[in-house]
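Q: predicted structure and sequence below. I'll ask about it afterward.
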Number of protein chains: 4
Amino acid sequence: MAKQSKRSEITGAALELIVEHGFHGASMAMIADRAGVGAGTIYRYFDNKDVLITELYRELEEKVVQVLMKEYPAEKSFRERFQHIGERLLHHFINNPSEFRYLEQFHNSPYGVAVRRDKFMGKWNHGDLVRIFFQDGMARGVIKDLPLAVHFALAFGPLVGVARDHILGFISLDDSLRARIVEACWQAIREPSPGFAPPNAS
Amino acid sequence: MAKQSKRSEITGAALELIVEHGFHGASMAMIADRAGVGAGTIYRYFDNKDVLITELYRELEEKVVQVLMKEYPAEKSFRERFQHIGERLLHHFINNPSEFRYLEQFHNSPYGVAVRRDKFMGKWNHGDLVRIFFQDGMARGVIKDLPLAVHFALAFGPLVGVARDHILGFISLDDSLRARIVEACWQAIREPSPGFAPPNAS
Amino acid sequence: MAKQSKRSEITGAALELIVEHGFHGASMAMIADRAGVGAGTIYRYFDNKDVLITELYRELEEKVVQVLMKEYPAEKSFRERFQHIGERLLHHFINNPSEFRYLEQFHNSPYGVAVRRDKFMGKWNHGDLVRIFFQDGMARGVIKDLPLAVHFALAFGPLVGVARDHILGFISLDDSLRARIVEACWQAIREPSPGFAPPNAS
Amino acid sequence: MAKQSKRSEITGAALELIVEHGFHGASMAMIADRAGVGAGTIYRYFDNKDVLITELYRELEEKVVQVLMKEYPAEKSFRERFQHIGERLLHHFINNPSEFRYLEQFHNSPYGVAVRRDKFMGKWNHGDLVRIFFQDGMARGVIKDLPLAVHFALAFGPLVGVARDHILGFISLDDSLRARIVEACWQAIREPSPGFAPPNAS
DNA sequence: GATGAATGAGCGTTCATTCAT
DNA sequence: CATGAATGAACGCTCATTCAT
């Protein structure tokens, strides 16, 4: 087993077990066992359980950023860029259900609040991609003039929800449905063109 | 202290402490202390900690349903009913931040998945109000024809997100902003009237 | 088993085991076992191992003070008071070998240095009895004019040494030998009467 | 680094770290680090931690014996020889505080008792110098007729005590005070010349 | 019913020691 | 010879749960 392989055995085992049993339900002993290493070995790679959890989070976050940036159509229209982001995000989560569940659990925990705060305060570079994206859209009048956090909620809240439901087996997302969902999110954030507002249906 | 008062002292203490310290950080001893009862007393009302947590969840869920049903404009248009639900939900969460945080923590935990599954399988009556609401909207062609779970995600995902950000102090929701957010969610789920589709903005 | 009996079972077990195996060789599990209580029970009486160790020390110290004060001949000559202190101390240590060994171990440890410092700085009331005793002797010109710490060393250093050797079985202290040893300590600290200095023997 | 240099790097590091953190607080990893060798290397020189601790002790003891024997005035009077021993001992301890603290820690530990027993049983040659010294003094009637262990306690107990207090900063030993202390110890062990016993002071 | 002292399994973590390189 | 990554038994401590009062 190569040097780095041991570290990734550990994060892999932690990912699986935390998804399955939660942060506190996944004991270090279980993680060591599943990783096929001794209990003390984990501590050669991570100072303590908190550091393991946080490091794993950062790695998964980084992967998400990479996924969004890959083939990012920087030159295309705002809407096409939005579709890229939305569809890639959904695609990534659906194909990496454990990573998705882990990120969800992390965001919803004492750690998560701190990270969210840093992101909000702009201390976090990773968020910049999407932050700049929305600020650009507002500056150009393409999307509604709303606080950034609201755009995040409107655009990504539903995506996260459907990803979770798909992973839990409650719905099945195919390419067509995925596109329709991203389109619906788009309608939530877009600035309706003046003169074309449809009458309210009932 | 009356019979039922003791029980509600316990759930009240559990609510506060779990919101503050998480499920695992809030020990039974702390809860008993804050509730002003003996450690063993909790077990007269709840078989074990899991049952306490789940029961408290059910009570808070039930409160949400009550809030949505109160002054529900059953005779008004679908859109008005949607606005009622959305605004009441936001209003309730914002004014009961502990309950909101508890529900979020619960949904994001091993318990949460089981409950979600029950809801989806129709074993859960509480969900019916909203389930029937969306099914009615689809039947009448007012909202898009999408799986129920997708409508849930599109309509409530963003609301939950902005409620959390408001509670954590990242944004400040006033009446006007709240209305604009519910309106944006509406645009996500509505069926655009034929012939009025606006051109795609860029 | 009465309420306080449990606490004293614990301190008793700790005393024996620490004397036998040292502070770190005596594990909390061993202590609990020997005391006949559960592992967690110790923590109802002592916040942690350090507190247990320190509390036990204070109790044993207090016993020593009580022993010295009992039948203390406050009205007799300085020398008689010295003999009282010296002989009682030896007697007490010899008859309570575990307590003696515990105190020795404690004094020789990180804890001990701190306590010694407090004693030296006068923060410690227990020490006052003996401190005042020596200061009185110096003021009256009965004993040499030396730093307090030196008097402590001259008077008690040898007593502690012979107590240890007796307990370990290297010597056997009977009443006569005990008296001769205290007398020798007295000769170390006394101020030789002018005019009676004996010639130096070789 | 020469063969033996590695060994002395290890004992040097062990000395420093054990004085600083105690036997149990100084881990083998820390010692290896400070010595600049690999963790496993220590085991080429010492079978295990206990052996390292005991070997280091024997070396420091040997150094003490060397110090006492250097310039030992074998031809001078008993009293002068006593002064030599006492003053050299104090001088050595004060100028090698780490070695002193190590010896103290060692004597006060499970190891210490075993060594003391060996010494007493005559299994230990190092002690002989001083043993013979006292036996000679008693044979010549210069010092009191007391068990050897008692002479040890009377002569060295106080010296060790004041050395410790000096090192911990509670007193400051200059040449004059050092001489007065050795003189006081002398008075404790000397056989008072017949006819010159001073009247008991009060 | 209500209590809270007692329990002990299980936690996160350390560290003396081993052994493949 | 020397290394240091790996080990796992053992540590101090917590806390959900029980039960004698």
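A: Alright, I've got the coordinates. Residues are numbered from 1 along each chain as shown, chains lettered A, B, ... in the order given.

Q: and the lowest mean pLDDT element among the helices and strands of chain A?
A: Within chain A, no helix or strand scores below helix A:110-120, which has a mean of 78 by mean pLDDT, DSSP states H and E.

Q: show me what the helix or strand just after it is packed against.
A: Next helix or strand after helix A:110-120 toward the C-terminus (DSSP states H and E): helix A:128-139. Contacts defined by 3 or more Cβ pairs under 8 Å, 6 or more residues apart in numbering or on different chains; DSSP states H and E place helix A:128-139 against helix A:49-69, helix A:78-95, helix A:148-167. Yep, even glycine has a C-beta here, placed from its N, CA and C like the rest.

Q: output helix A:128-139 as CSV - backbone C-alpha positions only.
A: The C-alpha coordinates for helix A:128-139 follow below in CSV (Å, rounded to 0.1, in the frame of the first residue of the first chain):
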residue,chain,number,x,y,z
ASP,A,128,-15.9,33.4,-5.4
LEU,A,129,-16.6,31.7,-8.7
VAL,A,130,-20.3,31.6,-8.0
ARG,A,131,-20.4,34.9,-6.1
ILE,A,132,-18.9,36.8,-9.1
PHE,A,133,-21.2,34.9,-11.4
PHE,A,134,-24.3,36.2,-9.7
GLN,A,135,-22.9,39.7,-9.2
ASP,A,136,-22.2,39.9,-12.9
GLY,A,137,-25.8,38.8,-13.7
MET,A,138,-27.3,41.5,-11.5
ALA,A,139,-25.0,44.2,-12.9
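
Q: quick check: domain ranges of chain A?
A: Here the domain assignment for chain A is A:1-46, A:56-189, based on automatic domain parsing.

Q: is DNA strand E within reach of the last one?
A: The reference is to domain A:56-189. No - counting by Cβ under 7 Å from any atom of the strand, DNA strand E has no neighbours in domain A:56-189; the shortest distance is 13.5 Å.

Q: is that domain anywhere near DNA strand F?
A: No - if you take Cβ under 7 Å from any atom of the strand as the test, domain A:56-189 misses DNA strand F, and the best it gets is 13.9 Å.

Q: regarding that domain, how distant is the last residue from the first?
A: Start-to-end span of domain A:56-189 (Cα to Cα, to the nearest Å) is 32 Å.

Q: just how off-centre is that domain within its chain?
A: 6 Å (Cα atoms, centre = their mean, to the nearest Å).

Q: about what we covered before: among the helices and strands packed on helix A:128-139, which is the most enclosed?
A: With neighbours defined by mean count of other Cβ atoms under 10 Å in any protein chain shown, none of the helices and strands packed on helix A:128-139 is more surrounded on average than helix A:148-167, at a mean of 24.

Q: tell me which strands and helices it is in contact with?
A: Under the contact definition 3+ Cβ pairs under 8 Å, 6+ apart, helix A:148-167 sits against helix A:78-95, helix A:97-107, helix A:128-139, helix A:175-189, helix B:148-167, helix B:175-189.

Q: thinking again about what came up before, could the domains of chain A be laid out in CSV, adding distance to residue B:49?
A: As requested, the domains of chain A are exported to CSV (distance: least, Cβ to Cβ, whole Å):
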stretch, distance to residue B:49
domain A:1-46, 12
domain A:56-189, 18
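
Q: any bit of the longest helix anywhere in chain A sitting next to chain B?
A: Of all the segments of type helix in chain A, defined by DSSP state H, the longest one is helix A:3-25. Yes - Helix A:3-25 comes into contact with chain B (Cβ under 8 Å from any Cβ of the partner chain), by way of A:21, A:22, A:24, A:25.

Q: quick one: the closest residue in space to the third one that isn't next to it in sequence and DNA strand F, what's the gap?
A: Okay, so that is residue A:24. The shortest distance from residue A:24 to any non-neighbouring residue, by Cβ to Cβ, 6 or more residues apart in numbering or on different chains, is to residue B:24 (4.2 Å). Counting by Cβ to the nearest atom of the strand, to the nearest Å, the gap from residue B:24 to DNA strand F is 6 Å.

Q: residue B:24 contacts residue A:26, correct?
A: No - judged on Cβ atoms under 8 Å, residue B:24 makes no contact with residue A:26 at a distance of 11.7 Å.

Q: tell me which of the two has more neighbours.
A: More crowded of residue B:24 and residue A:26, by other Cβ atoms under 10 Å in any protein chain shown: residue A:26, with 21 against 13.

Q: from what I can see the more buried one touches residue A:14, true?
A: Yes - counting by Cβ under 8 Å, residue A:26 does reach residue A:14; the two are 6.8 Å apart.

Q: before we move on, back to that, out of the residues of helix A:3-25 next to chain B, which are buried?
A: Neighbour-count burial (16 or more other Cβ atoms under 10 Å in any protein chain shown) is assigned, among these, to residue A:22.

Q: which one among the residues of helix A:3-25 next to chain B gets closest to DNA strand E?
A: Within the residues of helix A:3-25 next to chain B, the smallest distance to DNA strand E is 6.3 Å, found for residue A:24 (Cβ to the nearest atom of the strand).

Q: which residue is the nearest non-sequential neighbour of residue A:183?
A: residue A:83 (8.0 Å).

Q: equivalent analysis for residue A:131, please.
A: In space, residue A:131 is closest to residue A:148, 6.3 Å off (Cβ to Cβ, 6+ apart).

Q: pretty sure the one you found contacts residue A:136?
A: No - if you go by Cβ under 8 Å, residue A:148 and residue A:136 don't touch, sitting 11.7 Å apart.

Q: okay, the residue in chain A positioned nearest to DNA strand F: pLDDT?
A: Per Cβ to the nearest atom of the strand, residue A:40 is where chain A lies closest to DNA strand F, at 1.6 Å. On the pLDDT scale, residue A:40 is placed at 96.

Q: ok, it - how many residues close by?
A: As a burial measure, residue A:40 scores 9 neighbours (other Cβ under 10 Å).

Q: how about it, secondary structure?
A: When classified by DSSP: H, G, I helix; E, B strand; the rest coil, residue A:40 comes out as helix.

Q: in TSV: the helices and strands packed on helix A:128-139, plus mean pLDDT and distance to residue B:10.
A: Shown next, in TSV, are the helices and strands packed on helix A:128-139 (pLDDT from 0 to 100; distance: least, Cβ to Cβ, whole Å):
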stretch	mean pLDDT	distance to residue B:10
helix A:49-69	94	30
helix A:78-95	95	38
helix A:148-167	94	31
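
Q: export the ones you listed to JSON lines and tack on distance to residue D:173?
A: Output for these, formatted as JSON lines (distance: least, Cβ to Cβ, whole Å):
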{"stretch": "helix A:49-69", "distance to residue D:173": "49"}
{"stretch": "helix A:78-95", "distance to residue D:173": "74"}
{"stretch": "helix A:148-167", "distance to residue D:173": "70"}
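
Q: among those, which comes closest to residue C:107?
A: Proximity to residue C:107 (Cβ to Cβ) singles out helix A:49-69 among the helices and strands packed on helix A:128-139, at 38.2 Å.

Q: who are the packing partners of the closest one?
A: Helix A:49-69 sits against helix A:3-25, helix A:78-95, helix A:97-107, helix A:110-120, helix A:128-139, with contacts defined as 3+ Cβ pairs under 8 Å, 6+ apart.
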